[in-house]
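In: here is a sequence together with a model predicted from it:
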Amino acid sequence: MFQNVLIICVGNICRSPMAEELFRHRFRGQGPLFSSAGIGALVGNPMDKTAEQVLRDNGVEPGPHRARQVEPNMLHLADLILAMEHSHIQRLRQLAPEVHGKTFLIGKWQNDVEIPDPYRQARPAFEHVHMLLTKSVTSWLPYLT
């Protein structure tokens, strides 16, 4: 059983916090602990405002968020690590090779789909990412319950 799920993107202000909130919304405080970090985090920044608004418009109320940089200790503590792109997995492998066996694309069960970065793009890019993340999160639920 997975107790600690870490979700990774680049800046930790768009994709990974959106996914984190989608998982939390689905589990409603039950189940694993979900957290996120970035491989090039904009440390201390809140979630992107467009990402927050897209979540709210889809019935998910995001909690407080501050971007943080991924560190080897976070990777070691996680039971499951979900990344947005293959390049993120490669970066994590460089940072902590021993966690490779528990690191997957969040889109693994969606034919290994990668989630594009909507950073500094218009709202339709965030809506597209939200749709991809919703499908990806849903596809992980049987493995997390």
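Out: It's in.

In: in stretch 13-27, what counts as buried?
Out: For stretch 13-27, the neighbour count (16 or more other C-beta atoms under 10 Å) marks 13-27 as buried. The C-beta positions use only the backbone N, C-alpha and C, and glycine is treated the same way.

In: report the distance from it to the chain centre.
Out: 6 Å (C-alpha atoms, centre = their mean, to the nearest Å).

In: check stretch 3-22 too.
Out: 2 Å.

In: pLDDT on it, on average?
Out: Averaging pLDDT along stretch 3-22 gives 98.

In: ends of it, how far apart?
Out: 17 Å (C-alpha to C-alpha, to the nearest Å).

In: what strand or helix carries the spatially most central residue of the chain?
Out: For the chain, Ser16 is the residue whose C-alpha lies nearest the centre (C-alpha atoms, centre = their mean; 2.8 Å). Element membership for Ser16, per DSSP states H and E: helix 15-27.

In: now do Pro116
Out: With DSSP H and E as criterion, Pro116 is part of no helix or strand.

In: still on that earlier bit, helices or strands up against the helix holding Ser16?
Out: strand 4-9, strand 33-38, helix 49-57, helix 123-144 (3 or more C-beta pairs under 8 Å, 6 or more residues apart in numbering; DSSP states H and E).

In: so the last one versus helix 15-27, what angle?
Out: On the basis of axes from the mean of the first three to the mean of the last three C-alpha atoms, to 10 degrees, helix 123-144 is oriented at 50 degrees to helix 15-27.

In: list the contacts of helix 123-144.
Out: 2, 5, 14-15, 18-19, 22-23, 26-27, 31-32, 48, 50-51, 53-55, 58, 80, 82, 106-110, 113, 115-116, 118 (C-beta atoms under 8 Å, 6 or more residues apart in numbering).

In: pull out the buried positions in that helix.
Out: Quick answer for helix 123-144 (16+ other C-beta under 10 Å): 125-126, 129-130, 132-134, 136-137, 139-140, 144.
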